[in-house]
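Peer 1: No letters, just coordinates:
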């Protein structure tokens, strides 16, 4: 019982530190691009952490010429392994941004 009470008190202390850190990051993110942060948070299921992750990992959506390139960069599609019109399976599962895959998954 003492171990559980000790763990809970440590968790409470860490929770306060995490909240302070989150507030600091959100305050500075709003000064970076408050409109993008607001728009991302209007999507159902996207809160502060996911919005910040997407915002900082994408930076500028204009750098992707097509939706397909963006989806590929986010690891949301599998890479095709083809040669002479024959499909050999998929490859390159590590190509793209792992943080965006986590955020969109």
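Peer 2: Everything's here; your move. Computed from a predicted model, the values in this text were never measured in an experiment.

Peer 1: Low-confidence bits of the chain, can you list those?
Peer 2: Within the chain, the segments meeting pLDDT under 70 span 79-93.

Peer 1: As a check, name the ranges of all helices in this protein.
Peer 2: Ranges of helices in the chain, per DSSP state H, are 2-41, 48-58, 67-73, 98-104.

Peer 1: Any buried residues in the longest one, and which?
Peer 2: Same thing as helix 2-41. Buried residues in helix 2-41, defined by neighbour count with 16 or more other Cβ atoms under 10 Å: 29, 36, 37, 40. Where C-beta positions appear, they are placed from N, C-alpha and C, glycine not excepted.

Peer 1: Residue 75: what's it in contact with?
Peer 2: Residue 75 makes contact with 93, 95, 96, 97, 98, 100, 101, according to Cβ atoms under 8 Å, 6 or more residues apart in numbering.

Peer 1: Need phi/psi at it.
Peer 2: Per-residue torsions, residue 75: phi 60, psi 30 (degrees, to the nearest 10).

Peer 1: Residue 74 too?
Peer 2: Dihedral angles of residue 74 (phi, psi; degrees, to the nearest 10) stand at phi -80, psi 0.

Peer 1: Quick check: it vs residue 19, distance?
Peer 2: Distance, residue 74 to residue 19, by Cβ to Cβ, to the nearest Å: 29 Å.

Peer 1: same question, residue 34
Peer 2: Using Cβ to Cβ, residue 34 is found at 20 Å from residue 19.

Peer 1: Kindly report the same for residue 1.
Peer 2: Distance of residue 1 to residue 19, given as Cβ to Cβ: 27 Å.

Peer 1: swap in residue 98?
Peer 2: In this view, residue 98 and residue 19 are 26 Å apart by Cβ to Cβ.

Peer 1: got it, and residue 40?
Peer 2: Using Cβ to Cβ, one obtains 20 Å as the distance from residue 40 to residue 19.

Peer 1: cool, and residue 4?
Peer 2: For residue 4, the distance to residue 19 (Cβ to Cβ) stands at 22 Å.
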